[in-house]
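*Asks:* no FASTA, just this:
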DNA sequence: ATGCCCACGACACGTGGA
């Protein structure tokens, strides 16, 4: 089963690009972030026509997450537990039957957190605390679990074209990195790092300053796998091709293959 | 040192992204 994550930076603006990639890459499950569409403007039939079931959590203008799946989507959870007052659409989770068992998949759009020293950074750290709390519960299920999404975290120096330039950014702040490590330390495998070492592999290139053309990106979209999911992991890679197309997202998809 | 580019809402440019 091929499971992917793709921050599309507006589903409306990216629909043709996304459809092209779905036909080319043929993923079974796709976690989308930054759909920037409400549930009633979501292009349902366009994606259903390609064979996908949909679970969506929309919001006007900002955020928005979804899961597309060629297999049924069950037990859909909308929103991250831990703060009923949080209005931002950044989390959706579903259970997908697979090979006589299940895989649980979450689509995550973790807050950016810039600028530092504001309530936006506080919100990011609190959101990460909530994510860790919730995943601790999910891990007790002892299922194959894939936490897929835009984490807005550059884990290490090698995940960034210029660590010095990013030193004072919320994506690279020591507290944010430490929080991400504490999540990983619960027992998750960074699927990409299970196959690829070293630098110069990224999932995001800023539209500005010709970052894509210069090869200057950051690795902030991650697939975190529970032990039971990691047992089944046979491949993982970043697909840079969509970033080089006309009218691209500033992110590109990352995918993994689980054997069932 | 700052802004570069892009999407949105809704038509002018401010907000947010990372």
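*Replies:* Looks like it came in fine. If you're wondering where the values come from, they're calculated on a predicted model, not measured in any experiment.
*Asks:* which helix runs longest in chain A?
*Replies:* Counting by DSSP state H, the longest helix found in chain A is helix A:119-139.
*Asks:* tally of neighbours for residue A:59?
*Replies:* 17 (other C-beta atoms under 10 Å). For every residue, glycine as well, the C-beta is placed using N, CA and C.
*Asks:* pretty sure it contacts residue A:92?
*Replies:* No - the pair residue A:59 / residue A:92 is not scored as a contact, 11.5 Å apart, by C-beta atoms under 8 Å.
*Asks:* nearest to DNA strand B: which residue in the stretch 1-150 of chain A?
*Replies:* Nearest residue of the stretch 1-150 of chain A to DNA strand B: residue A:10, at 3.2 Å (C-beta to the nearest atom of the strand).
*Asks:* pLDDT of the longest helix of chain A, averaged?
*Replies:* Averaging pLDDT along helix A:119-139 gives 96.
*Asks:* that helix near DNA strand B anywhere?
*Replies:* Yes - counting by C-beta under 7 Å from any atom of the strand, DNA strand B is contacted by helix A:119-139 at residue A:120.
*Asks:* for DNA strand B, what are the nearby residues on chain A?
*Replies:* A:7, A:9-10, A:12-13, A:34, A:36, A:60-62, A:111-112, A:114-115, A:120, A:150, A:152, A:171, A:204, A:206-209, A:218, A:220, A:247, A:250-251.
*Asks:* same thing but at 6 Å, please
*Replies:* Within chain A, the positions lying close to DNA strand B (C-beta under 6 Å from any atom of the strand) are A:7, A:9-10, A:12-13, A:34, A:36, A:60-61, A:112, A:114, A:150, A:152, A:171, A:204, A:207-209, A:218, A:220, A:247.
*Asks:* make a ChimeraX selection of whichever of those turn out to be buried.
*Replies:* Only the buried members of these end up in this ChimeraX selection, burial being decided by 16 or more other C-beta atoms under 10 Å:
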select /A:7,9,34,36,112,114,150,152,171,204,218,220
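*Asks:* of the residues of chain A next to DNA strand B, which belong to helices?
*Replies:* A:12-13.
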